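>>> using only what follows, build the 3D model:
(chains A and B)
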Amino acid sequence: MTTFAIIFGFGLIAWVISPLFKKSGQVFEVHSQAADLEDMKSRVYHNIKDLEFDYALGRLSEQDFQTIRIAFTQEATQVVARLEQLQKHDLDALIAQDLKKMGDGPAAAVAAGAPKFCMDCGHKNPAKAKFCSACGEKFEEI
Amino acid sequence: MSEFGHILLTFLFPLTLFTAVTAFLAGRNHRESMYQAARNGTYAIWIVTTLAILALEALMLQGDFSNAFVYGNTNRALPGFYKIVALWAGHDGSLLFWTWIITSFSALVVYQNRNKNRELMPYVILTMIGTTVFFTALNLFIANPFDTWMQNINGVMTPVAAADGRGLNPLLQHPAMIIHPPILYIGYVGTVVPFAFAIAALLTGRLGSSWIKITRRWALVSWGFLSVGILLGGKWAYVELGWGGYWAWDPVENASLLPWLTSTAYVHSVMIQERKGMLKVWNMSLVIGTYLLAIFGTFLTRSGIVSSVHAFAESGIGPAFAAFIVFAIITSIGLIFWRRKELSSEEHFESLVSRESGFMFNNLLFVLATIAVLWGTLFPVISEAFTGEQITVGPPWFNTIMIPIGLALLLLTGVGPLLAWRRTSIESLRKSFGYPFIASVVVLLGMFFFGIRDGWALGSFTISFFVLWIIVAEFLQGARIRSKNAQENILTAMAMLTMKNTRRYGGYIIHIAVVVIFMGFTGAAFNTETRQEVATGGSFNFAGYTFKCIEKGHSTNDNFRTDFVDLQLFKDGRKVDDLRPAKRMYFASKQPTTEVAIYSTLREDIYVVTVGESEDGKMAILQIYRNPLVMWVWLGSLILIVGTILVLIPNYREKKRKPAAQQTHARHEVHA
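Sure, this is the predicted structure:
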């Protein structure tokens, strides 16, 4: 019983602290702007649904319904547009990452000497640029 | 086995510290390895705590009376399942049980979020395990259930192996003991989860509605368990304590009511933040307040501070709790202050006649109620601190304040759903309030005509009727629109409507439950009672019933002696029930208990208690209460459980049957 308890205790300790000895200094993802925007999107959508429900039950005047609905729709359009932009941005980054994964092949060689295009404004920058000379956006190390 | 338990607790304490520290570091530097270690630590803590619980259970089942906790809370003759549940009868064991629930919840939350919310989770673990550190420390240093029983022999504390234990408090030897404390504890501890996410949101600055969405179900589950725990406690007091009622504004009862009040406020106001990004500081404060009140409730229940200030000082647990609560308050306020800019509202109130302002009034009333109950509960302590004398405020004080607040809240239950978000047209209010208002006035006059003169009761019944009407109308109206749009019959439409928006309609069902419970409460305005002496063969009349005494006798078993009176209850010459009120004397603890006999109908309860016997021992003295509508409280409780479960079910998504444009068109047509 005692032996078993001791083995069990040490086993448990070893299991708990084992991740600390892993060499990989992997860092987990910090929140993205996309999550915030998704939040805002679902909020606007819910608000529109509520509004329609309240109107259907006759709690709002026609005029209030129309005014508020237009405001919500505009808000939704803005949020969705920003999300789209962000997703495109993410895709660009993903493609660049995939290319990098393919190793020092011709693609990498081209990439190394090729001019950088800003993902935000599209401005063409020299290959070694760290920031976009037009809009100041930082180039990610890829 | 006691030794083994000691080792487990000694091992547990550094393990919780280690996990809290790694969780903190993982939150700071986002390092995956640290986070993994914190997660493993959380699981390991649960395993060790579970083993500790099993060790204590083994001690109790074996009847190892060298252990102080086992000696103090069980005895040989105690039935087996009471030996198991004696875990939460005593001070030390119930704290260990508290620790076990919080570690279980921590492990569950970590598992639930194993692939999600990476940024928040380290701080969630930090907060939950941080709380666990405190409770583990209490268990290890102050209230250790594995301590040996020591007796002072010639001035030396000597371990004693007693032949038998002192037994379980007889009041706790009731089937409700099996479920009431765990349910209430789950309710209490459940408040830790939203709190942990709130703190994580503050620390990371992720203050949008995501932390609220993640914890919405947890908040509701904890709310549901608190509600059921409180009502079950009332039921237990009603059938076991024998004073004829179910709620006495006793400090321990109030302790459970306090977090319930703030958490009820929260489940309402949270909707404003979800819709409008407003009231962020307010919601944060409600979540934090609920957690603190839950901890405070545990403290109040366990320390006995109110009933006896001396027990508080002696056990040493009081100062520790006080320090922990003060620490939590300062940290939380500091964090909110630090994040005050990010916590500013994204929108503002547009109209006083809107759903959000309805929720705001509801919140103000709930917070007012919380302050009143807190003040009344702590008044004996405060008065002793200032005047040296404990002055207790009794039920009349609480009733004077809480009945008007309760009725105002009940009224809001009816008004709120009729208000639209943002702004409501006065025209629509006139339309939706017209009929129920007129009908309620008619009901009021009717009740007055039939002789009800109690002002509060008239108000309560009228408002109840008004609210019921509105909720039923809400269901019908929604269903009518749906049945036209979706070509369903009205019943299918109603079911579909409910399943498609469980939160709204489940909420309405909870409101119906609240109305039913209020009607039950109101019955107390018409309570009557009498005291009667009766011998075998005798009889008497009370409240339209005839009581016949068949036998006054006694019986004995290993655990207790019973003195009972067998009664037959007749109404209109027909026998309706057999009643056996009794008194028990428990041998181990030498304590008596009252066994109540109740004849319960929808209309009223007949509640019989034996209070003693005449000097010659031939006549039994009975106290009989007629308590109208009490059953409605328990019925309402059942409806409340159904409503809460419904709210927790995810919305049902149906496949589109028609193009969206056509549906919108149909909706407009209805109102054209």
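>>> what about the residue nearest in space to the middle of chain B, distance to chain A?
For chain B, residue B:226 is the residue whose C-alpha lies nearest the centre (CA atoms, centre = their mean; 2.4 Å). For residue B:226, the distance to chain A equals 27 Å [CB to the nearest CB, to the nearest Å]. Quick note: C-beta positions are derived from backbone N, CA and C, even for glycine.
>>> contacts only, for residue B:207.
Counting by CB atoms under 8 Å, 6 or more residues apart in numbering or on different chains, residue B:207 makes contact with B:201, B:280, B:339, B:342-343.
>>> to clarify, my last question referred to residue B:227.
Going by CB under 8 Å, 6+ apart, residue B:227 touches B:187, B:260, B:637, B:640, B:644.
>>> what about it, which helix or strand?
helix B:210-240 (DSSP states H and E).
>>> what's downstream of that helix, the next helix or strand?
Helix B:210-240 is succeeded, C-terminally, by helix B:251-276 (DSSP H and E).
>>> elements contacting that next one?
helix A:33-56, helix B:176-190, helix B:210-240, helix B:280-303, helix B:355-387 (3 or more CB pairs under 8 Å, 6 or more residues apart in numbering or on different chains; DSSP states H and E).
>>> can I get these in TSV including mean pLDDT and distance to residue B:480?
Converted to TSV, these look like this (pLDDT from 0 to 100; distance: least, CB to CB, whole Å):
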stretch	mean pLDDT	distance to residue B:480
helix A:33-56	83	10
helix B:176-190	91	38
helix B:210-240	91	29
helix B:280-303	89	35
helix B:355-387	90	21
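>>> out of those, deepest packed?
helix B:280-303 (a mean of 24; mean count of other CB atoms under 10 Å in any protein chain shown).
>>> between that one and helix B:210-240, how big is the angle?
Relative orientation of helix B:280-303 and helix B:210-240, computed by axes from the mean of the first three to the mean of the last three CA atoms, to 10 degrees: 30 degrees.
>>> is chain A contacted by helix B:280-303?
No: judged by CB under 8 Å from any CB of the partner chain, helix B:280-303 stays clear of chain A, getting no closer than 13.1 Å.
>>> could you give the angle of that helix to helix B:355-387?
40 degrees.
>>> just checking, residue B:265 touches residue B:360?
No: using CB atoms under 8 Å, residue B:265 is not in contact with residue B:360, being 10.2 Å away.
>>> okay but the residue nearest to the centre of chain B is in contact with residue B:261, surely?
No: using CB under 8 Å, residue B:226 makes no contact with residue B:261, being 9.8 Å away.
>>> where's whichever residue of chain A sits closest to chain B relative to residue A:12, distance?
Closest approach between chain A and chain B, counting by CB to the nearest CB: residue A:19, at 3.4 Å. Counting by CB to CB, to the nearest Å, the separation of residue A:19 from residue A:12 is 14 Å.
>>> what's the answer for residue B:103, then?
Applying CB to CB, the value for residue B:103 to residue A:12 is 14 Å.
>>> quick one: which of the two has more around it?
Just comparing residue B:103 and residue A:12: by other CB atoms under 10 Å in any protein chain shown the higher neighbour count belongs to residue B:103, 30 against 19.
>>> so that one: helix, strand or coil?
Following DSSP: H, G, I helix; E, B strand; the rest coil, we place residue B:103 in the helix state.
>>> list the residues that contact it.
Contacts of residue B:103 (CB under 8 Å, 6+ apart): B:42, B:45-46, B:49-50, B:132.
>>> ok, then the element right after the lowest-mean-pLDDT helix or strand in chain A?
Ranked by mean pLDDT, DSSP states H and E, the helix or strand of chain A with the weakest confidence is helix A:106-113, at a mean of 52. Once helix A:106-113 ends, the next helix or strand along the chain (criterion: DSSP H and E) is strand A:116-117.
>>> what residues does that next one touch?
So strand A:116-117 is in contact with A:123-127, A:129, A:139, going by CB under 8 Å, 6+ apart.
>>> adding neighbour count and pLDDT, write those residues out as TSV.
Formatted as TSV, the contacts of strand A:116-117 follow (neighbours: other CB atoms under 10 Å in any protein chain shown; pLDDT from 0 to 100):
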residue	neighbour count	pLDDT
A:123	14	76
A:124	12	76
A:125	17	77
A:126	9	76
A:127	10	73
A:129	14	75
A:139	15	73
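>>> out of these, who's near chain B?
Within these, nothing lies near chain B by CB under 8 Å from any CB.
>>> pick out the most distant pair among those.
A:123 and A:127 (13.9 Å; CB to CB).
>>> now chain B against chain A: closest residue?
For chain B, CB to the nearest CB, closest residue to chain A: residue B:36, 3.4 Å.
>>> residues in contact with the residue lying closest to that residue once chain neighbours are set aside?
Leaving aside its chain neighbours, residue B:36 sits nearest to residue A:19 (3.4 Å; criterion: CB to CB, 6 or more residues apart in numbering or on different chains). Contact analysis of residue A:19 by CB under 8 Å, 6+ apart lists B:32-34, B:36-37, B:40.
>>> any of those buried? List them.
B:32-34, B:36-37, B:40 (16 or more other CB atoms under 10 Å in any protein chain shown).
>>> among those, which lie within helices?
B:32-34, B:36-37, B:40 (DSSP state H).
>>> JSON lines please, covering these and showing pLDDT.
Shown next, in JSON lines, are these (pLDDT from 0 to 100):
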{"residue": "B:32", "pLDDT": "87"}
{"residue": "B:33", "pLDDT": "89"}
{"residue": "B:34", "pLDDT": "91"}
{"residue": "B:36", "pLDDT": "92"}
{"residue": "B:37", "pLDDT": "94"}
{"residue": "B:40", "pLDDT": "95"}
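>>> does residue B:178 touch residue B:81 like I think?
Yes: using CB under 8 Å, residue B:178 and residue B:81 qualify as a contacting pair, with a distance of 6.9 Å.
>>> in three-state terms, label residue B:611 for me.
Applying three-state DSSP: residue B:611 is strand.
>>> typo on my end, it should be residue B:119
Using three-state DSSP, the structure places residue B:119 in coil.
>>> burial check on it, number of neighbours?
Residues near residue B:119, counting by other CB under 10 Å: 21.
>>> where does it fall, phi/psi-wise?
phi -70, psi -40 (degrees, to the nearest 10).
>>> just to check, it is in contact with residue B:205?
No: using CB under 8 Å, residue B:119 is not in contact with residue B:205, being 9.6 Å away.
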